[in-house]
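**Student:** Test case, fold it:
(one chain, ligands or ions: 1)
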Amino acid sequence: MFQIPVKGEGKAEVLQRIRDLQEADVSWKEGRTWSMVYYIDEDHLQLIKEAYGAYLSENFLNPFAFQGLRKMEEELIRMGVSLLNGDEQSTGTMTSGGTESIFLAVYAYRQRARALRPRIKAPEMVAPASIHPAFDKACHLLGIKLRKAPLAQDFRADPRQMERLINANTILLAASSPSYPHGLLDPIEAIADIALRRGLPMHVDACIGGFMLPWVERLGASLPPWDFRVNGVTSMSADLHKFGYAAKGASLILYREPEFLKYQFYVATDWPGGIYASTTMLGTRPGGAVSAAWAAMMALGQEGYLRVAGEIMEGVARLKTALAGMEDLEVIGEPVMNIVAFTTRRNQPDIFVVADQLEARGWVVDRQQSPNCLHLTLMRYNIPVLDQYAADLKEALDFARNNPRAVSQGNAAMYGLMARIPFRGVVEKNVRRLFEELYNFSSVMRVSDSPQTSSKDHSSFNPAPWIGKLNRFLTGWFAFKTWLKGKKIKE
Ligand SMILES: *Cc1c(COP(=O)(O)O)cnc(C)c1O
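**Tutor:** Modelled structure (predicted):
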């Protein structure tokens, strides 16, 4: 059994071991990944490391104990409020990430509904199908039914479809600025109108857009209002650890008025350990996440954020031009920032075969479903490799076009299959099994059982043999359907 080493090792050796383990990670700095790491340069990274270190051990559970952290949190909230066009009344808290921000908003609105509308026994909320799964998770944990409205033709939220799902149990509406899957701005004004008319609160998820869209607007894009400028928007989530370029573990939940925030707080009064009060979901809160986020804003300033956003948006323009030059490709909707999803027209050739080809050329590819498409978040480190990406994408498309019988392979096949199986329960069971295997350390999938290995074994998971068979069957079936459609069009 692997255990804490009896004798500790030297610091240098331990740090070297970490570097060795990092060899197995995706090498995002080379720009072949299009998500996950929000990075400007080494200089900024060093700054947030040092700033995090300054409060590495302090616990921000009690905001009265560490006045320095409290001051920084207050300033972060106020900077967030002014950036998102709230007013003097607006307030909120810092959280550990988008999921916590969203969880807290849904929790606060549930508590508020319990207080103000006690007749509701089975609360529900309404959101578009593109809303982030953090809402599914929050609703799951909080016993709320999440009703999802189908998207409009342009893949944005459809206010009419949303309104149809409102009933006497509805406690909250939500939409995204912009949506994660396609980077599209939901029609916030129209949905907020419904919220006002129905006397409902509305949350805008700006986890990814909150610290990017303001600069995109200042760079000259004219967007319909998407934040607190819209009357009827009662809260917003915005992630500091995305385009705020803070250290991981940092987000903001902001409310238009303190009236909403107050439902977020929790107090336990009869614990032998004393009176326990907390402002967010966490108990112990990392002080370093606060000081690193604060340092990022102080050091970059509005000019710094604007400069980086400008570089990124120039890259986006180049990427869009490259995509427009490839005849079979189409971008999904009209992306407003640096998130772009694209696919092939009528999925000819199969976009997942294109994905395999990109992977074979060393790119990390994010696949999406309904519709099948590929997802890019363009970061600063992707800019130097944009031309290479475009060239490889062109080759991948040529391959897929010249090999119409190719089916997606490996991990891609697994994903493609999962995306197409109509029985979502089967999919859930299989994905759950992946996690169960990953954390079952006596099984074959273990990452390492000795401190010497830093293997990549976890990527070689073998799905059940029937998956291959079913995939071949479904691939055949979809090929047949496509062929039939083509025949009909010709006739
Ligand atoms: C990232 C993201 C979330 C979830 O945030 P985490 O920080 O991953 O917990 C929610 N909504 C959107 C739109 C996001 O991009």
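**Student:** Skipping adjacent residues, who's closest to whatever residue of the chain ends up closest to the ligand in space?
**Tutor:** Per CB to the nearest ligand atom, Gly98 is where the chain lies closest to the ligand, at 2.1 Å. Placement of C-beta: from N, CA and C, glycine included. Spatial nearest neighbour of Gly98, excluding adjacent residues (CB to CB, 6 or more residues apart in numbering): Cys207 at 3.7 Å.
**Student:** Thought Ser237 was touching the one you found, still the case?
**Tutor:** Yes - counting by CB atoms under 8 Å, Cys207 touches Ser237, with 5.1 Å between them.
**Student:** Settle it for me: which of these two has more neighbours?
**Tutor:** More neighbours surround Ser237 than the other of Cys207 and Ser237, with 31 against 27 (other CB atoms under 10 Å).
**Student:** For this protein, what lies in contact range of the ligand?
**Tutor:** Residues of the chain lying close to the ligand (CB under 6 Å from any ligand atom) are Gly97, Gly98, Thr99, His132, Ala134, Ser176, Tyr180, Asp205, Cys207, Ile208, Asp239, Ser251.
**Student:** Val354 and Leu323: what is the separation?
**Tutor:** Distance, Val354 to Leu323, using CB to CB, to the nearest Å: 12 Å.
**Student:** any shared contact partners between these two?
**Tutor:** Any residue near both Val354 and Leu323 by CB atoms under 8 Å, 6 or more residues apart in numbering counts here, and that gives Leu393.
**Student:** Please identify which of those two sits among more neighbours.
**Tutor:** Ranked by neighbour count (other CB under 10 Å), Val354 and Leu323 place Val354 first, with 28 against 16.
**Student:** how far is the helix or strand that the more buried one is a member of from where the chain is centred?
**Tutor:** Per DSSP states H and E: Val354 is located in helix 351-360. Centre-to-centre, helix 351-360 and its host chain are 22 Å apart (CA atoms, centre = their mean, to the nearest Å).
**Student:** Show me what it is packed against.
**Tutor:** In terms of contacts (3 or more CB pairs under 8 Å, 6 or more residues apart in numbering; DSSP states H and E), helix 351-360 is packed against strand 339-344, strand 373-377, helix 386-402, helix 410-420.
**Student:** Quick one: mean pLDDT over the first one.
**Tutor:** In other words, strand 339-344. Averaged over strand 339-344, pLDDT sits at 98.
**Student:** So which residues make contact with it?
**Tutor:** For strand 339-344, with CB under 8 Å, 6+ apart as the criterion, the contacting residues are 178, 180-183, 208, 316, 319-320, 323, 328-333, 335, 350-351, 354, 368, 371-378, 397, 400.
**Student:** Give the pairing partners of it; include direction for each.
**Tutor:** Next to strand 339-344 in the sheet, as set by DSSP bridges, lie strand 329-331 (antiparallel), strand 373-377 (antiparallel).
**Student:** For the shortest one, give me every contacting residue.
**Tutor:** Pointing back at strand 329-331 there. The contact list for strand 329-331, computed with CB under 8 Å, 6+ apart, reads Lys320, Leu323, Ala324, Val340, Ala341, Phe342, Thr343, Thr344, Arg345, Leu397.
**Student:** which parts of it are buried?
**Tutor:** For strand 329-331, burial by neighbour count (16 or more other CB atoms under 10 Å) applies to Leu329, Val331.
**Student:** now do stretch 170-184
**Tutor:** Of all the residues in stretch 170-184, those buried under the rule 16+ other CB under 10 Å are 170-184.
**Student:** same check, this time on stretch 74-88
**Tutor:** Buried-residue list, stretch 74-88, by 16+ other CB under 10 Å: Leu76, Ile77, Arg78, Met79, Gly80, Val81, Leu83, Leu84, Asn85, Gly86.
**Student:** What residue, apart from its backbone neighbours, is nearest the fifth one spatially?
**Tutor:** Spelled out, it's Gly80. For Gly80, ignoring the flanking residues on the chain, the nearest one in space by CB to CB, 6+ apart is Leu252 at 4.5 Å.
**Student:** same question, the last one
**Tutor:** Excluding the flanking residues, the one nearest Gly86 by CB to CB, 6+ apart is Phe228, at 4.3 Å.
**Student:** for the fourth one, same thing?
**Tutor:** Counting by CB to CB, 6+ apart, the nearest residue to Met79 once its immediate chain neighbours are dropped is Met297, at 5.8 Å.
**Student:** Just the CA trace of the host helix or strand of Ala174, in PDB.
**Tutor:** Following DSSP H and E, one finds Ala174 within strand 170-176. Output of strand 170-176 as PDB, limited to C-alpha atoms (Å, rounded to 0.1, in the frame of the first residue of the first chain):
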ATOM      1  CA  THR A 170     -40.800  28.800 -10.900                       C
ATOM      2  CA  ILE A 171     -38.400  30.700  -8.600                       C
ATOM      3  CA  LEU A 172     -35.600  31.800 -11.000                       C
ATOM      4  CA  LEU A 173     -34.600  32.400 -14.600                       C
ATOM      5  CA  ALA A 174     -31.100  32.200 -15.900                       C
ATOM      6  CA  ALA A 175     -29.100  32.800 -19.200                       C
ATOM      7  CA  SER A 176     -25.500  33.300 -20.200                       C
END
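**Student:** from the chain's centre, how far out does it sit?
**Tutor:** Between the centre of strand 170-176 and the centre of its chain there are 18 Å (CA atoms, centre = their mean).
**Student:** returning to that earlier point: for the helix holding Val354, the averaged confidence score.
**Tutor:** pLDDT averaged over helix 351-360 gives 93.
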